[in-house]
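# A structural model of the following input is requested.
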Amino acid sequence: MSTTEYVWQCPSCTRQVPRKIEACRCGFARPAHAPERAPELPASAAAAATASPSPLLVGLFLGLAVAAGLLWWMKEDAAPRHATLRRAVEQPLPAAEAPLEPAPEPQLNVAMESTFEPVDLPSSTAATTSSPLEDVVARTLPAVASIQAGRGRGTGFFVQRDIVLTNHHVVGNETSVQLTAAGKRYAARVTSVSPATDLAVLQVYGADPTQPTLRLGTAKGIRPGQEVVAIGSALGVLSNTVTRGIVSAVRETGAVTLVQTDAAINPGNSGGPLVDRNGIVIGVNSMKIGGATGEGLAFAVAIDHATQLLKGQTISSTATPLQGLNQIMTGSSPGGDLRERGTSAYQTAVEGAARRSDQIDEFWQRSAGSCVARAVHAGDRGWFALYEANGVQIHLSSGINCEGWLETVRGHATAVRSEMARAAEAARRQGVYPGVMRDIRREFHMEWAGW
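Residues are numbered from 1 along each chain as shown. Model prediction:
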């Protein structure tokens, strides 16, 4: 049967098109007048058309071949590919790199823990703070320590967890001291002293790693009228005593700078910190001028000298701050002024009396435990109680000659008292101030209220 009954040949692309289709895929439309039956093809063309396979059949055959090949490949390669896929799933993904962040800005380290560099605050900020005064005191108190050096007492404060600053006259000639801070007791050794600035540095044994410390400032930005707080151990026993005042002036005594304040500095406060409203140390409480003309005159050694001492720098001057202050108050020169000579002579006399008193101490302690029934606390040394009326009572039936022992002590104590009285009278005639005399006695542990 001839195929021309069912298809027509497109003149444009020679494609065989079913007769039911009026247009070829190439876009050629069969004319309406075209004969219903396609013209007969030449014999050679008909044979070629009959012999050539249909494109649809060729495509179907190729599709089946490709599908069979894929099925075979998937069967042979399934196990290796599944194993590879399993290893890929089980292997953790590499951690994503953290995004880069900008480096932090460098911070200025003003802590005194290792550098001892002063915190130089502008004067405009020294008088104002966002913290109430009681908060400043609360932060300062844990760093303040009570010091016992032999028979003397005073105050100090931590600038490192194992370093304490205090006055030279507090430690005197002692090489080791005891101190109490935040309810804990420590032993410490005196590592360096500066008589010219009345300062000393202590190394604390077994220090608490969490011990609070204070920051050291500078006296350069201090202004008169600026509010300050003095902290210490009043009378050597009332620890954490706080007094408040203002800076009265900043004085230069030769090579030493003193901060004058009306904050009360009582006996035992020596060596304690003088802090500003920011809680930064600006001075080390050192002395107070007594007497009717000296009420409210207290002085602290500028903290700048302490910073120098902590760095190993000392002032070679032989004059003490007390002597320099005496020159300021009298308007004298460092030469042959009568008051200055009187001060030097009184200091020499008290030093000699202190050496004799050390010998009496040994004799007193030898039998006081057995013979003394009661003794009032009357000064730096236990046997000063003999200077008080009925200050000492003894055991009459102790088995030893306590009365003879007491008379011996009394005789030596009377000689020391006479020596101190003569020195005090000579100093008064030479115009030495009572507060200066008291500070000298305190330095040699010869303080008694009746001098």
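# switch to C-alpha atoms for all contacts and neighbour counts from now on
Noted.
# quick one: residues contacting R153.
Shown in contact with R153 (C-alpha atoms under 8 Å, 6 or more residues apart in numbering): S146, I147, V170, G236, G268.
# walk me through the domains of this structure.
Domains of the chain are assigned by automatic domain parsing as 3-56, 123-330, 338-443.
# tell me which of those domains is the most buried.
domain 123-330 (a mean of 21; mean count of other C-alpha atoms under 10 Å).
# among the contacts of R153, name the ones in strands.
Within the contacts of R153, residues falling in strands by DSSP state E are S146, I147.
# can you pull out the low-pLDDT segments for the stretch 51-200 of the chain?
Scanning the stretch 51-200 of the chain with the threshold set as pLDDT under 70 gives 51-58, 69, 72-130.
# which stretches in it count as helices?
In the stretch 51-200 of the chain, the segments counted as helices under DSSP state H, counting those that start in this stretch are 55-90, 123-126, 133-140, 168-171.
# so for W451, which of the domains of the chain sits nearest?
domain 338-443 (7.0 Å; C-alpha to C-alpha).
# and the closest one, how far out from the chain middle?
How far domain 338-443 lies from its chain's middle: 44 Å, per C-alpha atoms, centre = their mean, to the nearest Å.
# that domain: end-to-end distance?
This stretch, domain 338-443, spans 22 Å end to end (C-alpha to C-alpha, to the nearest Å).
# can you tell me the average pLDDT over it?
Averaged across domain 338-443, the pLDDT comes to 87.
# gap between stretch 429-449 and the chain center?
38 Å.
# revised request: answer the last question for stretch 198-209.
Here stretch 198-209 is found 15 Å from its chain centre; the criterion is C-alpha atoms, centre = their mean.
# I'd like the domains of the chain as JSON lines, with distance to A449 appended.
What follows is the domains of the chain, written out as JSON lines (distance: least, C-alpha to C-alpha, whole Å):
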{"stretch": "domain 3-56", "distance to A449": "131"}
{"stretch": "domain 123-330", "distance to A449": "12"}
{"stretch": "domain 338-443", "distance to A449": "7"}
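# the ones you listed: which one's closest to G450?
Using C-alpha to C-alpha, the domains of the chain put domain 338-443 closest to G450, at 8.2 Å.
# mind listing residues that contact stretch 393-401?
S370, C371, V372, A373, R374, A375, C402, E403.
# go on, stretch 370-377?
By C-alpha under 8 Å, 6+ apart, stretch 370-377 touches G382, F384, A385, G391, V392, Q393, I394, H395, L396, S398, I400, C402.
# can you tell me which of the residues you listed end up in helices?
C402 (DSSP state H).
# between the contacts of stretch 370-377, which is nearest A423?
The closest of those to A423 turns out to be F384 (C-alpha to C-alpha; 17.7 Å).
# how about the residue nearest to V144 when sequence neighbours are not counted, what does it touch?
Leaving aside its chain neighbours, V144 sits nearest to F157 (4.3 Å; criterion: C-alpha to C-alpha, 6 or more residues apart in numbering). Listed by C-alpha under 8 Å, 6+ apart, the contact partners of F157 are A143, V144, A145, V164, L165, T166, T213, L214, G271, G272, P273.
# which ones among those map onto strands?
Per DSSP E, strands hold the following members of these: V144, A145, V164, L165, T166, P273.
# tell me which stretches of the stretch 301-450 of the chain form helices.
Applying DSSP H, counting those that start in this stretch to the stretch 301-450 of the chain gives helices spanning 303-310, 321-330, 338-371, 402-429, 434-443.
# tabulate those helices (TSV), appending distance to G279.
Output for the helices of the stretch 301-450 of the chain, formatted as TSV (distance: least, C-alpha to C-alpha, whole Å):
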stretch	distance to G279
helix 303-310	13
helix 321-330	25
helix 338-371	36
helix 402-429	40
helix 434-443	28
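# which residues does the residue nearest to V144 bridge with?
V144, L165 (DSSP bridges).
# sorry, back to before: just give me the closest of the contacts of F157 to S418.
Nearest to S418 among these, with distances taken as C-alpha to C-alpha, is G271, at 31.1 Å.
# the lengthiest strand in the chain pairs with which strands, parallel or anti?
Assignment by DSSP E gives strand 238-253 as the longest strand of the chain. Strand 238-253 sits in its sheet next to strand 227-234 (antiparallel), strand 256-261 (antiparallel), going by DSSP bridges.
# between the first one and helix 133-140, how big is the angle?
Which is strand 227-234. Angle of strand 227-234 versus helix 133-140, following axes from the mean of the first three to the mean of the last three C-alpha atoms, to 10 degrees, is 50 degrees.
# now strand 227-234, how far from the chain's geometric center?
20 Å.
# show me the contact partners of that strand.
Contacts to strand 227-234, defined as C-alpha under 8 Å, 6+ apart, come from residues 127, 141, 144-146, 154-156, 239-247, 263-277, 285.
# end-to-end on stretch 372-384?
Start-to-end, stretch 372-384 (C-alpha to C-alpha) is 13 Å.
# show me what contacts R15?
For R15, the contact set (C-alpha under 8 Å, 6+ apart) comprises Q9, C24.
# per-residue confidence at it?
For R15, pLDDT reads 84.
# same question, the one 3 residues further on
pLDDT recorded at P18 is 85.
# look up phi and psi at it.
phi -50, psi 150 (degrees, to the nearest 10).
# from C10, how far off is it?
Taking C-alpha to C-alpha, one finds P18 at 10 Å from C10.
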